[in-house]
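A.B. asks: fold the following for me, if possible:
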Amino acid sequence: MKKHNFSAGPSVLPEFTIKNTAEAILNFVGSGLSIMEVSHRGKDFEAVMEQTRNLFKEILDIPQGYEVIFLGGGASLQFCMVPFNLFNKKAAYLNTGTWASKALKEAKLFGETIEVASSKDENFCYIPKNYTVPADADYFHITTNNTIFGTEIHTDMEVGIPLVADASSDIFSRPMDVSKYVLIYGGAQKNLAPAGVTFVIVKTDILGKVERTIPTMLDYRTHIKDGSMFNTPPVVPVYAALQTLIWLKEQGGVVEMQKRNIRKADILYSEIDRNRLFKGTVKNIEDRSLMNICFVMNDEYKELEDEFSKFVSSLGMVGLKGHRSVGGFRASTYNALPEASVVALADAMKEFEKKH
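C.D. replies: All right, here's what the predicted structure looks like:
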């Protein structure tokens, strides 16, 4: 049975990416060697790194003055790399969920850190509005999409100070005006590649302004200078990322992805809102994520949760269990998830409703 993969991450990848990466693992560009055993400084892999970087810039329309680098350590390492490189006197953070909270915690190690607003009071079920960002902060950090709680910031902010974004789970899902940010980072295991590589898009003129000494490996300038080759990069995930970017460009880029993602989300949210057995967990419709759709059983049907889990599992649907801090269900509808999978889930919800 073909599986419908709703996992939040590591998550569904295009078949194009899986097939081409598998072939490269067996025989990389006809070399007779696996990509897992070739030198990252050989001309064949250097070409992969260059093409990946260039496609990143092309698909996101990244302006001059920015560099794209590929690192290890996941987005979690960026929680400290960002303040290491940008935090001088004060930083401001918007707290919209688990990962935003973790980023905030790390920043506090560097000095005065302002939590400008938080939705923790209602278990992160909304995006805060009407807050003031301190004009004297070195930067303002946001998490654009919250995988655990199913909220998303859908627009590129204007805040008057340097803007930093953790875009791990919605990068390439919509067009972004990169010029409004000084730094965008994310783990790859949602919309891009297997876990193991982290992307950073950074405006170069924001660097070199802090007063502290930065450890070599944690200095973005190190990796810009050496083309993400200061140490051995995560070769296979970078190659997989390249395949996804090639696929993404062939599909019509981020404009087309946004159309597809809106359509998929509309199908599922409409069924959640219609179906008497279920309810969404996000307070405001405008804050609903297009990437991670969270829902629970209505209170009077809570006892049916396990039965529904077994029912959808029998239909080949995996990764639907909600995070333990929310419960219920979470359907992650990343770029590579076919619309047919979302339709199948909505149909399963209809069928389950008829049974009860």
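A.B. asks: C-alpha from now on. contacts and neighbour counts both.
C.D. replies: Will do.
A.B. asks: name the residues that touch stretch 332-346?
C.D. replies: Under the contact criterion C-alpha atoms under 8 Å, 6 or more residues apart in numbering, stretch 332-346 has outside partners 4-8, 11-14, 170, 173, 190-191, 257, 260-261, 264-265, 267-268, 271, 290-293, 312, 317, 320.
A.B. asks: list the buried residues for it?
C.D. replies: Applying a neighbour-count criterion of 16 or more other C-alpha atoms under 10 Å, one finds 332-339, 341-342, 344-346 buried in stretch 332-346.
A.B. asks: and the strands in the stretch 1-150 of the chain?
C.D. replies: 4-5, 66-71, 90-95, 112-118, 140-143, 145-146 (DSSP state E, counting those that start in this stretch).
A.B. asks: so which of those strands comes closest to residue 224?
C.D. replies: In terms of C-alpha to C-alpha, the element of the strands of the stretch 1-150 of the chain nearest to residue 224 is strand 66-71, at 6.4 Å.
A.B. asks: returning to that earlier point: keep only those of the contacts of stretch 332-346 that are in helices.
C.D. replies: Residues of the contacts of stretch 332-346 located in helices (DSSP state H): 257, 260-261, 264-265, 267-268, 271, 312.
A.B. asks: export the residues you listed to a markdown table and tack on neighbour count, pLDDT and distance to residue 96?
C.D. replies: Shown next, in a markdown table, are the ones in helices among the contacts of stretch 332-346 (neighbours: other C-alpha atoms under 10 Å; pLDDT from 0 to 100; distance: C-alpha to C-alpha, whole Å):
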| residue | neighbour count | pLDDT | distance to residue 96 |
| --- | --- | --- | --- |
| 257 | 20 | 98 | 24 |
| 260 | 21 | 98 | 25 |
| 261 | 23 | 98 | 22 |
| 264 | 23 | 98 | 24 |
| 265 | 22 | 98 | 21 |
| 267 | 16 | 98 | 25 |
| 268 | 21 | 98 | 23 |
| 271 | 19 | 98 | 26 |
| 312 | 18 | 98 | 30 |
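A.B. asks: tabulate those residues in JSON lines, adding columns for distance to residue 87.
C.D. replies: As requested, these are exported to JSON lines (distance: C-alpha to C-alpha, whole Å):
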{"residue": "257", "distance to residue 87": "34"}
{"residue": "260", "distance to residue 87": "38"}
{"residue": "261", "distance to residue 87": "35"}
{"residue": "264", "distance to residue 87": "39"}
{"residue": "265", "distance to residue 87": "37"}
{"residue": "267", "distance to residue 87": "42"}
{"residue": "268", "distance to residue 87": "41"}
{"residue": "271", "distance to residue 87": "45"}
{"residue": "312", "distance to residue 87": "47"}
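A.B. asks: hmm, back to that, let's have the strands of the stretch 1-150 of the chain in TSV, adding distance to residue 103.
C.D. replies: Converted to TSV, the strands of the stretch 1-150 of the chain look like this (distance: least, C-alpha to C-alpha, whole Å):
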stretch	distance to residue 103
strand 4-5	28
strand 66-71	17
strand 90-95	8
strand 112-118	11
strand 140-143	9
strand 145-146	13
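A.B. asks: residue 238: which of those is closest?
C.D. replies: If you check each of these against residue 238 by C-alpha to C-alpha, strand 66-71 wins as the nearest, at 7.8 Å.
A.B. asks: pLDDT averaged over that closest one - what is it?
C.D. replies: In this model, strand 66-71 has a mean pLDDT of 98.
A.B. asks: can you pull the buried residues of it?
C.D. replies: For strand 66-71, burial by neighbour count (16+ other C-alpha under 10 Å) applies to 66-71.
A.B. asks: packing partners of it?
C.D. replies: Using 3 or more C-alpha pairs under 8 Å, 6 or more residues apart in numbering; DSSP states H and E as the contact test, the elements touching strand 66-71 are helix 43-59, strand 198-203, helix 220-225.
A.B. asks: keeping just the C-alphas, turn the next helix or strand along the chain from the last one into CSV.
C.D. replies: Next helix or strand after helix 220-225 toward the C-terminus (DSSP states H and E): helix 235-251. This file holds the C-alpha atoms of helix 235-251, laid out as CSV (Å, rounded to 0.1, in the frame of the first residue of the first chain):
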residue,chain,number,x,y,z
VAL,A,235,27.2,15.7,1.6
VAL,A,236,24.1,13.5,1.1
PRO,A,237,21.5,15.9,2.5
VAL,A,238,23.0,18.7,0.4
TYR,A,239,22.7,16.6,-2.7
ALA,A,240,19.1,15.7,-1.8
ALA,A,241,18.4,19.4,-1.3
LEU,A,242,19.6,20.1,-4.8
GLN,A,243,17.2,17.5,-6.2
THR,A,244,14.3,19.1,-4.3
LEU,A,245,15.3,22.5,-5.7
ILE,A,246,15.4,21.2,-9.2
TRP,A,247,12.0,19.6,-8.7
LEU,A,248,10.7,22.8,-7.2
LYS,A,249,11.8,24.9,-10.1
GLU,A,250,10.3,22.4,-12.6
GLN,A,251,6.9,22.5,-10.7
